[in-house]
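Colleague: Quick one: sequence and predicted model below, then my questions.
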Amino acid sequence: MNIKHHIIARLGGIKPACGDEFLPMPEFNITELEKMLNIRLPDDYRVFLATYGASLFKGESDEKPYVVFSSVEQLPAHVTGDGFALLDAFYGANGEGAYSLATRVGFFRGRMPESVIPIADDGGAGQICLGVSDGDEGRIFYWDLRHEALSEEEYLEDYGGPRPAQAIYENMYLIAGSFDQFLYALRKKHSTNAASYPSLQRHGDDHEARPRYRAQ
């Protein structure tokens, strides 16, 4: 399976998330992660990891580096102001520090459904996630930090009972049916108006309706 170079060219090219050289994720790191999670990563995403590792698209220019995506399910207004949301950097090899895929998977474990793992961020605190089990294999989701579910301990303390199984899905939105479809849906965004990118200023309060996604 080949990386789709015309997509990368359309997005202004691609560059390492850290440093000057790409650090592709070695096969043994990919296999190690799969064994730890008892999963098999989709081939399209495996190829991307093994080719580029932690990386980001360049966008229009250094002054206008924005790359955005639309979503199958409507995202809340604090994530998108114009129907599109930001993509920042993909995670990668173990040596990439904060951009290490294994580090990010560990950091969000228990905070997300076990059926997904974080693979990228949006430049704020939102996560782009890949479905890896329970019928979600290959699908791409947005995980909204602002509406993160209470932990089981917090829920018990606040409500006096166990956290409902549905709660951990209530900040999840379906973006695309596969990693390849997600890449195809990406586009450069020319505006530098911060109001068009709520993820860059996402720390206010709101009371938006919660998403209705539930794993099938």
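Modeller: Happy to help now that I have it.
Colleague: any idea which residue sits dead centre in this protein?
Modeller: In the chain, the centroid-proximal residue (Cα atoms, centre = their mean) is residue 128; its distance is 1.1 Å.
Colleague: Now it. Nearest residue, chain neighbours left out?
Modeller: residue 120 (4.0 Å; Cβ to Cβ, 6 or more residues apart in numbering). Where C-beta positions appear, they are placed from N, C-alpha and C, glycine not excepted.
Colleague: How about residues contacting the longest helix along the chain?
Modeller: Using DSSP state H, we find that the single longest helix of the chain is helix 27-37. If you take Cβ atoms under 8 Å, 6 or more residues apart in numbering as the criterion, helix 27-37 is touched by 40, 41, 46, 49, 50, 93, 94, 101, 102, 105, 117, 132.
Colleague: got the contact list for the fifth one?
Modeller: Which is residue 50. Going by Cβ under 8 Å, 6+ apart, residue 50 touches 24, 25, 26, 27, 30.
Colleague: Show the pLDDT at the closest residue to the third one other than its chain neighbours.
Modeller: In this structure, residue 26 finds its nearest non-sequential neighbour in residue 93, 6.8 Å apart by Cβ to Cβ, 6+ apart. If you check residue 93, the pLDDT there is 90.
Colleague: and the gap between residue 93 and residue 164?
Modeller: Remark: distance between residue 93 and residue 164 (Cβ to Cβ, to the nearest Å) = 37 Å.
Colleague: more neighbours, these two?
Modeller: Using other Cβ atoms under 10 Å as the criterion, residue 93 and residue 164 rank with residue 93 on top: 22 against 12.
Colleague: This protein: strands as residue ranges?
Modeller: Remark: strands assigned in the chain by DSSP state E are 14-16, 55-57, 67-69, 85-87, 116-121, 127-131, 140-143, 172-176, 187-188.
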